[in-house]
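Enquirer: Let's see this in three dimensions:
(one chain, ligands or ions: 1)
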Amino acid sequence: MRKTRLVCLLATGALAWPGLARASAVVNDVTRINPIVVDRVLVPTTIDAIVEAVRSHPGPVSIGGGRFSQGGQTATEGALQIDMRRLDGVVAFSKERKEITVQAGITWRKIQNTIDPHDLSVQIMQSYANFTAGGSLSVNVHGRYIGQGPLVQSVRSIRIVLADGRLVTASPAENPEIFYGAIGGYGALGVIVEATLGLADNVRVERTSEVMPLSAYRDYFDTRIRGHRDVIFHNADIYPGAYDTVRATSFVRTDKPVTIESRLMPEDKSYWGDRLGMRMVSDWPGGKALRRYVLDPILFRGERVEWRNYEASYDVKELEPVSRRTSTYVLQEYFVPVDRLEEFVRAMADILNRHHVNTLNVSIRHATQDPGTLLAWARTEVFAFVHYYKQGTSDADRREVGVWTRELIDAATALGGAYYLPYQIHATERQFRAAYPRADAFFALKRKLDPTNKFRNKLWDAYDKSGSGPSPARPRAPASNRSAPVNAPPDPAVRRQIAAFLQGVPGYKRDEAQTYLTLPEWLLVYYPGEYARFLKDRPASDFPYFASIGQFWSYYRDVYRLTRGRYPVNWGYHVMVLVIGSSYTAENGIKGSYERTIGRLVERLSGPAPTQEDVLAADVAQDYVDFIRAEPWYEFSFLRSLKQLWAETDLFGPHLLRKWERKLALSAEYLVKAEYATLIKVASKAAYGNEVTEVLALVDEAPAAALEGEAGVEVRRRFEDGSALLSLPRYDEFRDTVLRLVTRGIRFREIAGNGEILVTAVVPAEWSYDLPSGSVVIEKPMLADRRLKRIAVRAPVASLHGILLELADRKLEIEHVYDY
Ligand SMILES: Cc1cc2nc3c(=O)[nH]c(=O)nc-3n(C[C@H](O)[C@H](O)[C@H](O)COP(=O)(O)OP(=O)(O)OC[C@H]3O[C@@H](n4cnc5c(N)ncnc54)[C@H](O)[C@@H]3O)c2cc1C
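Expert: You can find the predicted model right below:
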């Protein structure tokens with residue numbers, strides 16, 4: 001056991017011994033979702049060791065700082081990773097010049113420990129102090145400072161080891177192209193080994209905080225924050241949900257005595273309270289409202305005066321979840337010119353809400369224009385939007401994050417903005433170039449300084465087409481055009497008009513959570529189907545009754561997890577599923593127990609040939625399945641099946657023992673079910689009243705030719721942009737109709753007012769989902785035939801056509817499309 005743990009520690013790179021070059025290690029970042037197998041990890045303690053390694057290593061070289069970037073920016077497969085964390089000394093410090101020269105692996109916190117006794121502060125850094133200077137320079141980070149922008153503004157010079165092993169000094173005056181390329185260059189041009197940084201005074205600051213509508217924030221910022229030299233830190237948190245209210249918090253220079261004595265955040269501080277708070281906000285029902293109306297008012301009450309260094313020395317530990325195995329907290333960031341703030345927030349709110357992103361916070365920061373780095377994210381004065389959210393770690397979850405991230409990137413670049421590069425790599429190449437228009441100049445410089453493409457990592461593997469190294473892993477292109485959402489973005493004004501109209505249409509909007517929650521209900525159609533197929537050629541005693549009970553509840557657990565936190569809890573539906581699940585459990589528990597004992601014994605005594613009763617039972621099972629695909633199960637006449645049993649089978653015949661055992665067992669089953677069905681029928685009518693018989697869907701276009709022969713489809717309204725509101729039948733017919741419509745070129749924009757829909761398909765067990773849109777959220781074997789499995793695909797409605805056509809093309813069985 002202890003041995004296993006040690007191996008794990010080594011493999012994850014958690015142990016880093018100076019000078020040690022470990023063979024074939026797995027390196028990861030803080031999210032734990034980007035494991036990369038590198039050839040070796042070198043932990044140098046001198047610049048010479050780096051020069052030697054870069055000069056002599058024949059393959060790719062990657063550079064790791066604190067490894068807080070979140071998309072593989074510090075490694076690539078098979079590379080020598082230079083882990084900078086032990087090259088972390090202070091080289092020179094001048095209080096008078098307010099300047100410090102440090103080795104690149106040093107953390108901000110270690111710098112703060114050095115300069116705080118001299119009443120100085122880091123001029124620009126992130127909100128947390130765990131990052132290395134080199135990692136921060138290579139990302140060109142920013143903080144919450146007012147009147148400052150990207151880190152480059154505080155850098156006097158750097159020293160960098162280039163691909164040929166040369167150690168070069170770069171500053172705005174000396175080798176400026178290297179200076180403006182390497183800062184913000186994500187380790188593409190060389191290893192930054194030292195930096196000389198400007199410092200600021202460590203002053204006392206007083207916190208102010210107020211809540212206001214987003215619409216008032218620009219004015220507030222212009223009059224109260226921008227250009228006010230006394231405002232040291234400032235940010236505004238947008239409350240998720242409506243995204244129309246912000247809490248603006250500033251730390252303003254003051255002469256008042258401090259209310260927090262510590263000059264720096266204690267390094268052994270316990271963070272359990274912060275972690276609990278995060279858990280409550282992200283996972284608890286009503287967590288977001290709890291934060292806004294309870295936690296924040298407590299957190300921001302009272303006077304708070306502290307040192308600048310205290311506010312700048314937070315530890316990322318406060319954000320660390322208990323486990324990152326199935327879900328993880330993640331960051332991303334977008335930048336837009338200051339006058340586009342509200343436009344961006346509107347677009348962002350729409351995207352995050354449409355995709356039910358579990359957003360914990362969006363923090364608005366401000367940054368002045370970048371002085372000229374090649375990969376500048378602040379090409380003008382910008383507002384930054386730091387988006388902090390929770391996501392699952394499965395491939396499906398990650399694919400889904402990619403879908404809405406790309407929408408956010410488009411929203412930012414359409415306004416002349418950019419997205420931030422240290423996070424997950426979801427942007428397409430087009431998006432990367434739209435956000436970083438000087439990328440060509442950057443890659444040209446890289447070719448000049450690093451002609452063999454030595455310095456590599458996942459970021460540059462994805463976007464540096466000029467690289468002469470092994471073929472880079474690019475974000476996957478769509479397998480075929482039709483798989484991408486082809487709907488042209490509708491004119492926003494028309495779109496608003498249509499949305500307003502649809503809001504008034506009775507029955508248009510159905511609860512999106514239902515697309516998931518109805519899956520367990522449908523299982524009670526699928527399982528009898530499997531049972532009926534099974535009985536055709538196998539004895540009843542072999543059916544996996546108990547496994548199907550277990551699988552039913554595991555599906556329920558999965559859909560519960562998929563909907564928890566994303567939608568308000570639909571208690572009525574959960575109760576209903578619990579009731580039907582309990583009935584199913586009881587029925588199969590009793591039946592399984594009987595069939596596995598008495599049934600099996602009689603079967604063995606009588607031999608393998610089926611009796612008339614066995615054959616009839618198989619027919620009834622099939623009739624039942626055919627019936628419940630269109631009608632509620634409780635309408636099925638079990639009494640008629642009972643009559644059939646006694647009228648259509650002989651009293652005497654071969655295998656008499658089995659014949660009578662079946663007669664009695666089936667009679668008991670049909671009788672009990674007939675009684676139970678009557679009971680449920682009465683209860684359902686009382687509880688649910690009449691059922692809704694149509695689903696309304698908004699489609700891009702509905703040409704008459706495409707609707708020809710579609711008896712159940714009706715055009716309710718046509719809109720000025722060519723889109724139309726269609727009425728479609730429900731349940732199985734919904735699936736069939738949708739399939740026919742997409743084949744005839746119809747593209748859906750919304751179904752029942754929703755942007756996503758669940759599709760299940762039965763596919764070969766070894767098949768893996770590789771369609772460019774949609775993601776598999778549940779996958780389980782078919783119990784009665786292990787060569788097959790059922791996959792549940794979360795499909796964006798705008799891509800539904802592509803997904804269905806692709807599945808159909810590959811001759812895979814589209815089992816159902818869940819119409820809420
Ligand atoms: C909780 C959290 C909060 C954050 N807050 C902020 C914030 O407020 N503002 C902000 O701007 N960003 C923020 N970030 C992003 C963060 O600044 C970056 O991820 C930054 O890279 C972290 O520094 P690091 O030392 O971990 O660098 P790493 O992740 O180790 O490296 C980042 C990049 O720099 C390269 N690199 C590292 N060292 C060197 C070197 N010596 N020479 C050349 N290249 C090198 C790496 O190859 C890699 O491409 C935050 C991230 C997290 C996880």
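Enquirer: what helix or strand is residue 509 on?
Expert: Of the helices and strands defined by DSSP states H and E, none includes residue 509.
Enquirer: now it: how far from the ligand?
Expert: Distance check for residue 509 against the ligand: by Cβ to the nearest ligand atom, to the nearest Å, it reads 37 Å. Heads up, the C-betas are built off the backbone N, CA and C, glycines and all.
Enquirer: pLDDT wise, what is the nearest residue to residue 429 once chain neighbours are set aside at?
Expert: Counting by Cβ to Cβ, 6 or more residues apart in numbering, the nearest residue to residue 429 once its immediate chain neighbours are dropped is residue 463, at 6.0 Å. With respect to pLDDT, residue 463 scores 95.
Enquirer: for residue 463, what are its contacts?
Expert: Residue 463 makes contact with 429, 432, 439 under the criterion Cβ atoms under 8 Å, 6 or more residues apart in numbering.
Enquirer: Which of the three states applies to the closest residue to the last one other than its chain neighbours?
Expert: With Cβ to Cβ, 6+ apart as the criterion, residue 439 has its nearest non-adjacent residue at 5.6 Å, and that residue is residue 433. The three-state label given to residue 433 by DSSP: H, G, I helix; E, B strand; the rest coil is helix.
Enquirer: now the one 10 residues further on
Expert: Recorded secondary structure, residue 443: helix (three-state DSSP).
Enquirer: my read: it touches residue 464, true?
Expert: Yes - with the criterion set as Cβ atoms under 8 Å, residue 443 and residue 464 qualify as a contacting pair; they are 5.8 Å apart.
Enquirer: More neighbours: which of the two?
Expert: A side-by-side neighbour count of residue 443 and residue 464, using other Cβ atoms under 10 Å, places residue 464 first with 21 against 18.
Enquirer: Phi first, then psi, for the more buried one.
Expert: Its backbone dihedrals place residue 464 at phi -90, psi 90, with angles given as degrees, to the nearest 10.
Enquirer: Show me what residue of the stretch 151-300 of the chain gets nearest to the ligand.
Expert: Of all residues in the stretch 151-300 of the chain, residue 187 sits closest to the ligand, at 3.0 Å by Cβ to the nearest ligand atom.
Enquirer: cool, the stretch 51-200 of the chain as well?
Expert: Scanning the stretch 51-200 of the chain for the residue nearest the ligand gives residue 135, at 2.1 Å (criterion: Cβ to the nearest ligand atom).
Enquirer: ok, now which ones touch that residue?
Expert: Contacts were defined as Cβ under 8 Å, 6+ apart; by that measure residue 135 touches 64, 65, 66, 67, 68, 69, 74, 84.
Enquirer: Do you know the pLDDT at it?
Expert: Among the per-residue scores, residue 135 shows a pLDDT of 98.
Enquirer: Look up how far residue 176 lies from it.
Expert: 22 Å (Cβ to Cβ, to the nearest Å).
Enquirer: What is the neighbour count of residue 285?
Expert: Residue neighbour count, defined by other Cβ under 10 Å, stands at 11 for residue 285.
Enquirer: Quick check: closest non-adjacent residue to it.
Expert: Counting by Cβ to Cβ, 6+ apart, residue 569 is the residue found nearest to residue 285 once chain neighbours are left out, at 5.8 Å.
Enquirer: Give the helix, strand or coil label for that neighbour.
Expert: For residue 569, the reduced secondary structure class is coil; criterion used: three-state DSSP.
Enquirer: what about the helices in the stretch 101-250 of the chain?
Expert: Using DSSP state H, counting those that start in this stretch, the helices of the stretch 101-250 of the chain run over residues 108-115, 133-139, 176-182, 214-220.
Enquirer: hey, which of these is tucked in deepest?
Expert: Burial of the helices of the stretch 101-250 of the chain is given as mean neighbour count (mean count of other Cβ atoms under 10 Å); helix 133-139 ranks first at a mean of 28.
Enquirer: Can you show me the CA trace of it as PDB?
Expert: The C-alpha trace of helix 133-139 is given here as PDB (Å, rounded to 0.1, in the frame of the first residue of the first chain):
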ATOM      1  CA  ALA A 133       7.400  35.000 -11.500                       C
ATOM      2  CA  GLY A 134       8.400  33.100 -14.700                       C
ATOM      3  CA  GLY A 135       5.000  31.500 -15.100                       C
ATOM      4  CA  SER A 136       3.400  34.900 -14.500                       C
ATOM      5  CA  LEU A 137       5.700  36.700 -17.000                       C
ATOM      6  CA  SER A 138       5.000  34.100 -19.700                       C
ATOM      7  CA  VAL A 139       1.300  34.600 -19.300                       C
END
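Enquirer: picking up where we left off before, among the contacts of residue 463, name the buried ones.
Expert: Buried residues within the contacts of residue 463, counting neighbours by 16 or more other Cβ atoms under 10 Å: 432, 439.
Enquirer: from the contacts of residue 463, which has minimum pLDDT?
Expert: By pLDDT, residue 429 ranks lowest within those, coming in at 93.
Enquirer: Which strands and helices lie in contact with the host helix or strand of residue 641?
Expert: Assignment of secondary structure by DSSP H and E places residue 641 within helix 638-648. Here helix 638-648 is seen to pack against helix 612-628, helix 656-688 when contacts are counted using 3 or more Cβ pairs under 8 Å, 6 or more residues apart in numbering; DSSP states H and E.
Enquirer: Of those, which is nearest residue 698?
Expert: For residue 698, the closest of the helices and strands packed on helix 638-648 is helix 656-688, at 26.3 Å, according to Cβ to Cβ.
Enquirer: Hey, what's the angle from that closest one to helix 612-628? Just curious.
Expert: Taking axes from the mean of the first three to the mean of the last three Cα atoms, to 10 degrees, one finds helix 656-688 and helix 612-628 inclined to each other by 20 degrees.
Enquirer: for helix 656-688, packing partners?
Expert: The helices and strands touching helix 656-688, judged by 3+ Cβ pairs under 8 Å, 6+ apart, are helix 571-594, helix 600-606, helix 612-628, helix 638-648.
Enquirer: Save those as CSV, and put in distance to the ligand, mean pLDDT and mean neighbour count too.
Expert: CSV is the format used below for these (distance: least, Cβ to the nearest ligand atom, whole Å; pLDDT from 0 to 100; neighbours: other Cβ atoms under 10 Å):
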stretch, distance to the ligand, mean pLDDT, mean neighbour count
helix 571-594, 35, 93, 15
helix 600-606, 59, 90, 16
helix 612-628, 51, 90, 19
helix 638-648, 60, 94, 15
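Enquirer: May I see those arranged in CSV, with distance to residue 49 as well?
Expert: CSV is the format used below for the helices and strands packed on helix 656-688 (distance: least, Cβ to Cβ, whole Å):
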stretch, distance to residue 49
helix 571-594, 60
helix 600-606, 72
helix 612-628, 71
helix 638-648, 80
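Enquirer: how about the residues of the stretch 251-400 of the chain near the ligand?
Expert: Residues of the stretch 251-400 of the chain that fall close to the ligand, judged by Cβ under 6 Å from any ligand atom: 316, 319, 331.
Enquirer: Serialize those residues to JSON lines and add fields for secondary structure and neighbour count.
Expert: Supplementary listing: those in JSON lines, determined by DSSP: H, G, I helix; E, B strand; the rest coil; neighbours: other Cβ atoms under 10 Å:
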{"residue": "316", "secondary structure": "helix", "neighbour count": "16"}
{"residue": "319", "secondary structure": "helix", "neighbour count": "17"}
{"residue": "331", "secondary structure": "strand", "neighbour count": "20"}
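Enquirer: so who does the residue in the stretch 551-700 of the chain positioned nearest to the ligand touch?
Expert: When scored by Cβ to the nearest ligand atom, the stretch 551-700 of the chain has residue 565 as its residue closest to the ligand, at 21.0 Å. If you count contacts by Cβ under 8 Å, 6+ apart, residue 565 has them with 282, 283, 285, 287, 358.
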